[in-house]
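Chemist: this one's sequence-less:
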């Protein structure tokens, strides 16, 4: 898992996608027997939750992991497994859905809240404007407590 080094993998992909969208690429259409300018873009991606966090830079391992709810999430730390669970997902159902009133099968509460507000691009930009991220690998420091494993670190001159 590349983690913060995702840029190494994403840079070539993004460069090709920009070229496909802005300039296009000459492509042969065998059914019409002609060449045309093909343009392409990504409409959406299907990712598991860890990939979502890696691709979007979203923190998916805390109580604010839901990208739809953002800061308006209802999270609960399970006492024995120390895992996060997210309650209140019934708020995405329509108002009169039977699950919103079902206290027995869920957490004992009725869900009467509206779905969270969808943020605009400028609101999201405002949230992330002060985040400082440096992509790429950090230089490895030598650990003074580890031995050199037989590697000779001193140089001797021949006489």
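Modeler: Received the coordinates, thanks. Quantities reported herein were computed from a predicted structural model and do not represent experimental measurements.

Chemist: and the end-to-end length of stretch 28-39?
Modeler: For stretch 28-39, the first-to-last residue distance is 13 Å (C-alpha to C-alpha, to the nearest Å).

Chemist: Next: stretch 106-118.
Modeler: For stretch 106-118, the first-to-last residue distance is 25 Å (C-alpha to C-alpha).

Chemist: Flag every buried residue along it.
Modeler: By 16 or more other C-beta atoms under 10 Å, the buried positions in stretch 106-118 come out as 106, 111, 116. Where C-beta positions appear, they are placed from N, C-alpha and C, glycine not excepted.

Chemist: how near is the last one to residue 84?
Modeler: In other words, residue 116. According to C-beta to C-beta, to the nearest Å, residue 116 and residue 84 sit 17 Å apart.

Chemist: just the second one next, same as before
Modeler: Here residue 111 is placed at a distance of 19 Å from residue 84 (C-beta to C-beta).

Chemist: Next: the first one.
Modeler: Separation of residue 106 from residue 84 (C-beta to C-beta): 17 Å.

Chemist: so where's the chain uncertain?
Modeler: When residues are selected by pLDDT under 70, those of the chain lie in 1-4, 134-159.

Chemist: Spatially nearest residue to residue 45 (excluding sequence neighbours)?
Modeler: residue 55 (6.9 Å; C-beta to C-beta, 6 or more residues apart in numbering).

Chemist: What is the neighbour count of the one you found?
Modeler: Look at residue 55: counted by other C-beta atoms under 10 Å, it has 12 neighbours.

Chemist: That one: which element?
Modeler: Using DSSP states H and E, the element containing residue 55 is helix 49-56.

Chemist: I'd like the distance from that helix to the chain centre, please.
Modeler: 3 Å (C-alpha atoms, centre = their mean, to the nearest Å).

Chemist: From the rest of the structure, what touches the helix or strand following that helix?
Modeler: Next helix or strand after helix 49-56 toward the C-terminus (DSSP H and E): strand 74-77. Residues outside strand 74-77 that contact it (C-beta atoms under 8 Å, 6 or more residues apart in numbering): 63-66, 83-88.
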